[in-house]
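K.L.:
coords please:
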Amino acid sequence: MSVYRSPYEAYPFLCDPDGDLRCDFEIMTDRLASGIGQLAALVPERREELLRVDALVYHANPTLRTFFSVTDEEVAWLAARVAALKDETRGLCERFVLPAGTLRACAAHLLRVDCKALVRLIYRHCQRTGETCEALIDLISLCSEYFFLLALWLNHADGFEEIPFHSRNYPAPKG
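P.N.:
Below you'll find the model as predicted:
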């Protein structure tokens with residue numbers, strides 16, 4: 001069966017077969033990087049840091065089609081930023097909070113969710129192909145944690161108090 005190919009296609013892999021998740025991954029990382037760029041415009045006090053995370057995501061974009069080009073040092077830098085944000089936000093979140101708050105924090109929460117969706121897609125890709133993508137999974141998982149902590153930091157910086165969320169489905173831990 002012949003598939004129509006528009007001469008105006010924005011990306012040459014858009015007609016990849018439905019079982020091939022590489023283009024989906026590339027579109028999702030492009031979406032994530034674009035969202036990070038938008039957040040960098042809203043958070044001038046962390047602009048350079050956000051643009052560095054943005055570049056890491058864009059370097060990861062072709063990974064499933066080519067190779068993982070993010071260095072161990074860059075992953076370590078992101079892990080250190082996550083650790084620093086944990087220190088800066090200590091006490092702001094005891095368990096679960098609503099993904100709410102200021103515009104900047106909500107943008108960070110959306111990026112966190114995008115990262116989780118990307119990790120899920122990577123796992124599906126690896127299960128289908130038998131490939132291993134540990135470093136890529138680590139990078140995007142760190143990004144998810146980074147954006148959660150950044151959302152806490154932004155809400156605090158903007159004077160918004162986190163709203164605790166008590167799930168009806170998961171009991172509070174005993175202790």
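K.L.:
Torsion angles phi and psi at the spatially most central residue of the chain?
P.N.:
Against the mean C-alpha coordinate of the chain, by C-alpha atoms, centre = their mean, the closest residue is residue 115 at 2.9 Å. Per-residue torsions, residue 115: phi -60, psi -40 (degrees, to the nearest 10).
K.L.:
same check, this time on residue 165
P.N.:
Torsion angles, degrees, to the nearest 10, at residue 165: phi -120, psi 120.
K.L.:
Likewise for residue 164?
P.N.:
phi -60, psi 150.
K.L.:
shouldn't it be in contact with residue 96?
P.N.:
Yes: using C-beta atoms under 8 Å, residue 164 is in contact with residue 96, at 7.0 Å. For the C-beta atoms, the positions are set from N, CA and C on the backbone; glycine is no exception.
K.L.:
State the mean pLDDT of stretch 69-88.
P.N.:
Regarding stretch 69-88, the rounded mean pLDDT is 98.
K.L.:
ditto for stretch 164-175
P.N.:
Taken as a whole, stretch 164-175 carries a mean pLDDT of 78.
K.L.:
Equivalent analysis for stretch 9-26, please.
P.N.:
82.
K.L.:
same thing with stretch 123-130?
P.N.:
Averaging pLDDT along stretch 123-130 yields 94.
K.L.:
outside of it, which residues touch it?
P.N.:
Identification of contacts with stretch 123-130 by C-beta atoms under 8 Å, 6 or more residues apart in numbering yields 19, 21, 22, 25, 64, 131, 132, 133, 137.
K.L.:
and of those residues, the nearest to residue 56?
P.N.:
Ranked by distance to residue 56 (C-beta to C-beta), these are led by residue 137 at 13.9 Å.
K.L.:
Surely the closest one forms part of a helix?
P.N.:
Yes: counting by DSSP: H, G, I helix; E, B strand; the rest coil, residue 137 falls inside a helix.
K.L.:
For it, list the residues it contacts.
P.N.:
Residue 137 is in contact with 119, 122, 123, counting by C-beta under 8 Å, 6+ apart.
K.L.:
Please apply the same query to residue 93.
P.N.:
Residues near residue 93 by C-beta under 8 Å, 6+ apart: 152, 162.
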